[in-house]
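>>> Curious how this folds, go ahead:
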Amino acid sequence: MSDTLSMPRRGFLRHGLTGTTLKLMALVLMLLDHIHYFFEFTGAIPLWFSMAGRLSAPLFLFCTVEGFAHTHDRRRYFRRIWAISAGMGLLLFLMMYAGFPVRPDGFFPLNAIFMNFVILIPIWQGIDWVSEKRIGRGLTAIVLPLIWPFLFLLLYAAANATPAAWLLDSVLAALAYTVLPAWNLITDGGGFYIMIGIALYLLRGRRNLQVGAFVVLTMVFHFVFPYVQLISTPDFHLSMMFTVAYEWLGVFAAIPMLLYNGHRGAGLKKLFYIFYPTHVYLLYAISWGVIILMD
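Numbering: from 1, shown residues only. Down below sits the predicted model:
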């Protein structure tokens, strides 16, 4: 693969950030966020770890848009992401439905960002097919991942009316967390993240519009909507948007997005595929040990 993913930007930004640099930034910020996520119970991890981590998911999404748009083998790219997603989804399913392996305090990790990418990649491919006038195939690839959660709910309701309700419900849930992820079941991303991912792909190649859409959607989904919900609650203060509903801080990922220079960089793709599941379960195991020591 060529080292250049797209035309580098002129002027100052020509010397900006490569794709690899963006991913490394996202990894570091994600690590901070997850240290807070797994060890918040100790009271020793500052909240700013989680605040800084809000930039991680948007940066990973931006890098995945670039990676998918320019990879030479989209099927292999998808299969790799799908395998990681399905494996982590299976563990999540076992934790949710079988209680194994769940931390003594009842906590278990809900990390499932790869599930979002498994949903988005067929949609992105569908967008390309539509642009190539392959309308039927393109619309199918776009629509099916979006309507699957609604089909899932219909099938789930139908299963509950049968004598084998428990078994059928379990099979459907296992599918929705593994091989056929449903965006309505994802807590690490989900519907808003999917919409932002579609917008980023539609506007790729037009960086200012792309980042502008990201800023607007992020502020609407993660500031305006939560603000409207919280403003009617007793004792509401604007400071709660910085201490409770601070997901909107991810909007600052727009800065490194704008500094992206269009170059892939060193790559290190194996690092990114290995690091995500490894650090999640390693931190989870360590936090389990800390729980035991504190008892």
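>>> all helices in the stretch 151-295 of the chain, in order from the N-terminus.
Ranges of helices in the stretch 151-295 of the chain, per DSSP state H, counting those that start in this stretch, are 165-177, 191-202, 207-219, 225-230, 240-243, 254-259, 269-294.
>>> Give the other helices and strands that the shortest one contacts.
Just to be clear, that refers to helix 240-243. The contact analysis (3 or more CB pairs under 8 Å, 6 or more residues apart in numbering; DSSP states H and E) places helix 240-243 against helix 225-230. Every C-beta, even on glycine, is put in place using the N, C-alpha and C of the backbone.
>>> now, of the helices of the stretch 151-295 of the chain, which is deepest in the fold?
Ranked by mean neighbour count, the helices of the stretch 151-295 of the chain are led by helix 191-202 with a mean of 20 (mean count of other CB atoms under 10 Å).
>>> contacting residues around that one?
Contact partners of helix 191-202, identified using CB atoms under 8 Å, 6 or more residues apart in numbering, comprise 57-58, 61-62, 64-65, 68-69, 116, 119-120, 123-124, 127, 146, 183-184, 186, 210, 213-214, 217-218, 221-222.
>>> CA atoms of it as PDB?
C-alpha atoms of helix 191-202 as PDB (Å, rounded to 0.1, in the frame of the first residue of the first chain):
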ATOM      1  CA  GLY A 191     -26.800   5.100  17.300                       C
ATOM      2  CA  PHE A 192     -25.300   8.500  17.500                       C
ATOM      3  CA  TYR A 193     -21.800   7.100  16.800                       C
ATOM      4  CA  ILE A 194     -23.200   5.300  13.700                       C
ATOM      5  CA  MET A 195     -24.700   8.600  12.400                       C
ATOM      6  CA  ILE A 196     -21.500  10.500  12.900                       C
ATOM      7  CA  GLY A 197     -19.600   7.700  11.100                       C
ATOM      8  CA  ILE A 198     -21.900   7.900   8.100                       C
ATOM      9  CA  ALA A 199     -21.500  11.700   7.900                       C
ATOM     10  CA  LEU A 200     -17.700  11.400   8.100                       C
ATOM     11  CA  TYR A 201     -17.600   8.900   5.300                       C
ATOM     12  CA  LEU A 202     -20.000  10.800   3.100                       C
END
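>>> That helix to helix 207-219, inter-axis angle?
Here helix 191-202 runs at 170 degrees with respect to helix 207-219, directions being taken by axes from the mean of the first three to the mean of the last three CA atoms, to 10 degrees.
>>> Now do helix 191-202, average pLDDT.
Mean pLDDT, helix 191-202: 98.
>>> Measure how far it is from the centre of its chain, please.
Distance of helix 191-202 from the chain centroid (CA atoms, centre = their mean, to the nearest Å) equals 11 Å.
>>> Poorly predicted segments of the protein, please.
The model of the chain has pLDDT under 70 over residues 1-14.
>>> do that again at 80, thanks
Counting by pLDDT under 80, the chain contains low-confidence ranges at 1-15, 267, 269.
>>> In space, what's closest to the most centrally placed residue in it - neighbours in sequence excluded?
Closest residue to the average C-alpha location of the chain: Ile113 at 3.3 Å, with CA atoms, centre = their mean. In this structure, Ile113 finds its nearest non-sequential neighbour in Asp188, 5.2 Å apart by CB to CB, 6 or more residues apart in numbering.
>>> Now do the same contact list for the one you found.
Going by CB under 8 Å, 6+ apart, Asp188 touches 57, 110-113, 115-116.
>>> Mind doing that once more with 6 Å?
Residues in contact with Asp188 (CB atoms under 6 Å, 6 or more residues apart in numbering) are 110-113.
>>> Now rank these by neighbours and give me the top one.
Going through the contacts of Asp188 with other CB atoms under 10 Å as the criterion, the one with the most neighbours is Asn111, at 24 neighbours.
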